[in-house]
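Undergrad: coordinates for the following, if possible.
(one chain, ligands or ions: 1)
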Amino acid sequence: MNVSKPLSSSLSGSIIPMMQLQGKEEAALWLPLQQDWGNRWCTMPQRYLSFCDRIDAFETRASDVFVVTFMKCGTTWMQELAWLLLNRLDFDQAKRSYLMDRSIFMELSTIRDRYGKDSVTVCDQMSNPRLIKTHLPAQLLPREIWLRKRKIIYVARNAKDVVVSSYHFMKGVGHWEGSIDEFVDEFMKDRVMFTSYLSHFVDFYRMRNEKNIFFVTYEEMKRDLKQVIERLVKFLDCQPLDEIQMEQLLKYLSFENMKSGEHSNPTRYFKARPDFEFMRRGIVGSYKDELSAAHREALDNWTQNYLNEYGLNEFEIFGNI
Ligand code: A3P
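TA: Below you'll find the model as predicted:
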């Protein structure tokens with residue numbers, strides 16, 4: 001494995017490492033990912049460099065489930081759902097404790113200096129079943145995930161809504177000072193943390209039929225959460241839910257309920273601007289009244305040009321947005 005020379009600065013004055021697998025035999029073991037990772041990009045803070053080897057070598061367990069997303073794709077929503085399914089709908093515990101303490105964000109220590117703990121070690125020490133959150137792209141995930149085919153839940157969201165939601169989040173937590181227009185430009189240039197976004201979700205979309213991968217979109221969760229839950233129950237090998245349990249779960253996961261809950265709404269968990277709100281709008285299409293026409297068009301072209309390389313289009317992945 002090689003961490004390449006930093007190529008430019010990211011928003012927080014950090015650098016951009018890019019990792020590549022080296023060695024033929026090793027690459028062959030990365031099935032179904034038999035591709036050259038050398039053209040994949042991920043913008044990360046400087047501190048990531050002192051964690052990447054440990055993340056790469058992270059020891060997984062058979063019962064592990066990884067929630068993998070780009071930021072602002074509905075990670076928290078999916079984590080709460082998956083955590084409840086893995087913990088026999090323990091709503092009492094869910095109401096009493098922050099999700100962030102029940103489902104650890106693996107690389108948090110690399111991006112947040114105030115965390116105070118080593119998030120990789122905390123993941124290591126979690127009890128089973130571990131539900132681990134990460135925003136890292138496929139090529140930077142612990143390699144055992146691929147070697148041992150650990151379960152991955154991947155949530156994607158249309159790029160325009162991701163940009164808007166990311167802008168509000170980054171601004172709220174003090175990682176971005178500029179305008180939304182500047183943010184969109186930086187996002188498309190892969191200079192925002194965790195970008196490049198398009199390769200992030202396309203890699204998982206292309207693996208969506210692998211047995212250990214559950215691919216879903218935020219848009220699908222909004223359209224028909226019940227059907228997503230039924231699919232996820234099977235993927236996680238959980239007991240099927242009866243009608244009452246399904247109703248309870250749907251109610252618990254509603255935007256309004258999670259927003260009003262003391263622990264299901266993570267807003268207070270962040271040291272952020274007074275007007276920061278984590279549970280912001282919770283809709284498909286907030287880009288429509290938040291992005292300029294020029295930026296909507298620019299993002300559409302940027303997305304479609306990339307998807308064309310893989311014979312894909314936005315509609316088949318996200319539906320109407
Ligand atoms: P918006 O900023 O568009 O409102 P993440 O958890 O990946 O950071 O994603 C956050 C986004 O998911 C925010 O989007 C947030 O409002 C939305 N979200 C969180 N919980 C939700 C829920 N129960 N229903 C719908 N959207 C939800």
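Undergrad: show me which residues of the stretch 151-300 of the chain sit near the ligand.
TA: With C-beta under 6 Å from any ligand atom as the criterion, the stretch 151-300 of the chain meets the ligand at residues 161, 165, 168, 253, 255, 258, 279-282, 286. Using the backbone N, CA and C atoms, a C-beta is placed for each residue, glycine as well.
Undergrad: before we move on, what about the stretch 1-150 of the chain?
TA: Residues of the stretch 1-150 of the chain found near the ligand, taking C-beta under 6 Å from any ligand atom as the criterion, are 69, 71-77.
Undergrad: just the buried ones from the residues you listed, in ChimeraX syntax?
TA: Only the buried entries of those go into this ChimeraX selection, using 16 or more other C-beta atoms under 10 Å:
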select :69,71,72,73,74,75,76,77
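Undergrad: identify the farthest-apart pair in the residues of the stretch 1-150 of the chain next to the ligand.
TA: Maximum pairwise distance among these (C-beta to C-beta): 13.0 Å, between Met71 and Trp77.
Undergrad: quick revisit: what's the farthest-apart pair in the residues of the stretch 151-300 of the chain next to the ligand?
TA: Pairwise over those, using C-beta to C-beta, the maximum falls at His168 and Leu253, 21.4 Å.
Undergrad: which one of those two has more residues nearby?
TA: His168 (21 against 18; other C-beta atoms under 10 Å).
Undergrad: need the helices for the stretch 201-321 of the chain, in chain order.
TA: 218-223, 225-235, 243-252, 255-260, 293-308, 314-318 (DSSP state H, counting those that start in this stretch).
Undergrad: quick one: which of these is nearest Leu86?
TA: helix 225-235 (10.1 Å).
Undergrad: thinking again about what came up before, how about the residues of the stretch 1-150 of the chain next to the ligand in JSON lines, adding pLDDT?
TA: Below are those laid out as JSON lines (pLDDT from 0 to 100):
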{"residue": "Thr69", "pLDDT": "98"}
{"residue": "Met71", "pLDDT": "98"}
{"residue": "Lys72", "pLDDT": "98"}
{"residue": "Cys73", "pLDDT": "98"}
{"residue": "Gly74", "pLDDT": "98"}
{"residue": "Thr75", "pLDDT": "98"}
{"residue": "Thr76", "pLDDT": "97"}
{"residue": "Trp77", "pLDDT": "98"}
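Undergrad: just the residues of the stretch 1-150 of the chain next to the ligand: which are in helices?
TA: Residues of these located in helices (DSSP state H): 75-77.
Undergrad: what's the distance between the closest residue to Asp118 other than its chain neighbours and Ser97?
TA: Residue nearest to Asp118 in three dimensions, not counting chain neighbours: Ser109, with 5.4 Å by C-beta to C-beta, 6 or more residues apart in numbering. When distance is defined by C-beta to C-beta, to the nearest Å, Ser109 is 20 Å away from Ser97.
Undergrad: before we move on, the earlier item: can you select the buried ones among the residues of the stretch 151-300 of the chain next to the ligand for me in ChimeraX?
TA: Applied in ChimeraX, the following selects the buried portion of these according to 16+ other C-beta under 10 Å:
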select :161,165,168,253,258,279,280,282,286
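Undergrad: any chance of a markdown table for the residues of the stretch 151-300 of the chain next to the ligand, columns pLDDT and distance to Val184?
TA: A markdown table is the format used below for these (pLDDT from 0 to 100; distance: C-beta to C-beta, whole Å):
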| residue | pLDDT | distance to Val184 |
| --- | --- | --- |
| Asp161 | 98 | 12 |
| Ser165 | 98 | 12 |
| His168 | 96 | 13 |
| Leu253 | 98 | 30 |
| Phe255 | 97 | 25 |
| Met258 | 96 | 27 |
| Met279 | 94 | 23 |
| Arg280 | 97 | 17 |
| Arg281 | 97 | 17 |
| Gly282 | 97 | 21 |
| Ser286 | 97 | 14 |
